[in-house]
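with the sequence up front, the predicted model follows.
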2 protein chains.
Amino acid sequence: MKIEDLKQLRDETGIGMMDCKRALAEANGDIERAKEILREQGLEMMNEQEQRPVREGRVEVYAHHTHKVGVMVDIACNTDFAAKSAEFLTFSSDVALHIAAEAPLYVSPEDVPADVLDADLAEFRKTLEEQGKPAEIIEKAVEGRANRYYKDNCLIKQPFVKDPDVTIEDLLADLRTKTGENIFVRRFARFAIEAEEE
Amino acid sequence: MKIEDLKQLRDETGIGMMDCKRALAEANGDIERAKEILREQGLEMMNEQEQRPVREGRVEVYAHHTHKVGVMVDIACNTDFAAKSAEFLTFSSDVALHIAAEAPLYVSPEDVPADVLDADLAEFRKTLEEQGKPAEIIEKAVEGRANRYYKDNCLIKQPFVKDPDVTIEDLLADLRTKTGENIFVRRFARFAIEAEEE
């Protein structure tokens, strides 16, 4: 099984890693067959989920026991039934705790304003070009630099504080599989009592 | 005792209404004498408080039992001692509840972006001018319209949801008096699960 195929299957279905891995193994690495297997097993595909309105959800709040740090996070899903499920509550409380600890700035890479990263990447690219690096190497290096920024600052790309082997995005994918709903973090806020903190 | 004098004394000292009223009565309406009385009683003046760093405070969080509405509020003060006082905790929890119920948009009138209110007031003023109203009447009417907007949208100007006879500003002034510290609401966030709500 190729890692790229697993990634593609996950991206295209929005289904959790474990289920995708199993389906891909069962399908002998055939992505389209793996999708059929997932569908047969009643695991809903992301593109099917996205047709449904995402108006339900839960606002989770968390305050550190000192009350010097607080977090509020808005997690969206399709139905109130899912919003009240044990899996959803666990994810909500985990992600609030994670935000308190890791202080991400954005939910996802798409939320990073262009002017924050673009100038830095352009300068980095220029430096590499001046060093005469091959175009292919430059592309990879620039992509790597962007990905490091996302991992440091974007919630869904961060390694989960309680289990750094998985990202918040992985947790979300698993939650989508378990609930059969399109679930995402809509927004969050983190306040800290410190003159120097935002 | 003139209401304007009471207001001036409160604005200049940052001390709660009840103490100012008492001091002003004792001073037979002399504002400077009333300030001396307040100072003699150990009630700290706002301008003295403002010299001290305001880096301490508390982040309060509140979620409605349905978790469809959540609030987070950052309340600043001079010392952690004050931040841990019973009065401060009561205010924190009251103001979080208030924000959940009343959904203000800004902390105070100074936070309202100019473009939100200015165009509306300018148009209102123009209409009154076209109606040939006297300048004095127009000034009062425009001020009244601005104040109504602040009362509807600015936290500190709103009547407290649990006791509409006092505003959040009044509660803050009383809290300043009780704790002898400069206390203010630095920022808040309110999330609601509703497609049509912000």
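Yep, that arrived. What you see is a predicted model; the values in this text were computed from it and never measured.

C-alpha from now on. contacts and neighbour counts both.
Noted.

which parts of chain A sit against chain B?
Contact residues of chain A with respect to chain B, defined by CA under 8 Å from any CA of the partner chain, are listed as A:55-63, A:67-72, A:74, A:76, A:189, A:191-195.

who's in contact with residue A:5?
If you count contacts by CA atoms under 8 Å, 6 or more residues apart in numbering or on different chains, residue A:5 has them with A:29, A:31.

what strand or helix carries it?
With elements taken from DSSP states H and E, the one containing residue A:5 is helix A:3-13.

could you pull up the mean pLDDT of that helix?
When the per-residue pLDDT values of helix A:3-13 are averaged, the result is 81.

now stretch A:36-53
Taken as a whole, stretch A:36-53 has an average pLDDT of 71.

state the phi and psi torsions of the closest residue to residue A:79 other than its chain neighbours.
Closest residue in space to residue A:79, ignoring its immediate chain neighbours: residue A:56 at 5.4 Å, by CA to CA, 6 or more residues apart in numbering or on different chains. Reported as degrees, to the nearest 10, the phi and psi values for residue A:56 are phi -90, psi -180.

got it, and residue A:75?
Backbone torsions for residue A:75, taken as degrees, to the nearest 10, come to phi -110, psi 130.

ok, now which ones touch it?
Contacts here follow CA under 8 Å, 6+ apart; on that basis residue A:75 touches A:57, A:58, A:59, A:60, A:92, A:183, A:184, A:185, A:186, A:187.

okay if I get those residues as a markdown table plus secondary structure, neighbour count and distance to residue A:164?
Conversion of the contacts of residue A:75 to a markdown table gives the following (DSSP: H, G, I helix; E, B strand; the rest coil; neighbours: other CA atoms under 10 Å in any protein chain shown; distance: CA to CA, whole Å):
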| residue | secondary structure | neighbour count | distance to residue A:164 |
| --- | --- | --- | --- |
| A:57 | strand | 28 | 26 |
| A:58 | strand | 27 | 25 |
| A:59 | strand | 28 | 24 |
| A:60 | strand | 28 | 22 |
| A:92 | helix | 24 | 17 |
| A:183 | coil | 27 | 21 |
| A:184 | strand | 19 | 20 |
| A:185 | strand | 21 | 19 |
| A:186 | strand | 15 | 22 |
| A:187 | strand | 15 | 22 |
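
farthest-apart pair in those residues, please.
The span of those, defined through CA to CA, is set by A:60 and A:183 at 14.3 Å.

doesn't residue A:70 fall inside a helix?
No. Assignment of residue A:70 by DSSP: H, G, I helix; E, B strand; the rest coil gives strand, placing it outside any helix.

who does it bridge with?
According to DSSP bridges, the residues that bridge with residue A:70 are residue A:63, residue A:191.
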